[in-house]
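Novice: Predicted model and sequence follow; I will ask about them next.
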Amino acid sequence: MSDKIEKPDDEWRAQLSPLAYKVTRKHGTERAFTHDDFPKAPGLYRCVCCGAPLFDQATKFDSGTGWPSFYAPAEGAPVGEKQDNSWFMRRIEVHCARCDAHLGHVFPDGPAPTGLRYCINGVALEFQPQD
Ligand SMILES: [Zn+2]
C-alpha cells in the first residue's frame, strides 16, 4: 500500500468530524472512555481519513485505559511510527503511513505475543465487520 494520499488541510476539515479532524490532522487526543464502544465481532479497523486497514479485531484487548488498544497492527498495514518528544515525554507516535493521520502512541507494556500496546484514538478508526 504505497499509494500515498495527500490533501489540503481544508479538504480534511470538510471530510471529517471536528473531533476526528483535530485528532488525526492536529495530533489531538480524545478523552478516555469516549470512543471505545466498537462491536466485538470479527473485522477490521480502518483509517477514518483514507480507509486503509490498520488493525484487526483479533489483536484488540481491554487495556483498561479507555482507548482502543491493540498488540499489533494488521498484517501489512501502513502503520508508521516515529519518536515524539512533546509534552516532555519520550513516546512513539503512531500514524497512518498512507495519509499521515495521527492515530495514537505505542507503549512497551502490552500483552503477549508482542509486548506492545498500540493506544489508539477511537475517533481515528472506523470498524468494518467481516462479511
Ligand atoms: Zn489513513
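Specialist: Arrived safely.
Novice: all contacts plus neighbour counts: C-alpha atoms, from now on.
Specialist: Will do.
Novice: Get me the contact residues on the protein for the ion.
Specialist: 47, 50, 96, 99 (Cα under 5 Å from the ion).
Novice: What ranges does this protein have for its helices?
Specialist: 9-15, 18-26 (DSSP state H).
Novice: any idea which of those helices is most buried?
Specialist: Compared across those, helix 18-26 shows the largest average neighbour count, a mean of 19 (mean count of other Cα atoms under 10 Å).
Novice: my guess is C96 meets P78, correct?
Specialist: Yes - using Cα atoms under 8 Å, C96 is in contact with P78, at 5.9 Å.
Novice: Name the nearest residue to I5, sequence neighbours excluded.
Specialist: Distance criterion Cα to Cα, 6 or more residues apart in numbering; nearest residue to I5, sequence neighbours excluded, is C99 at 4.8 Å.
Novice: tell me the centre residue of the chain?
Specialist: L103 (3.4 Å; Cα atoms, centre = their mean).
Novice: what touches both of C96 and P78?
Specialist: 52, 54 (Cα atoms under 8 Å, 6 or more residues apart in numbering).
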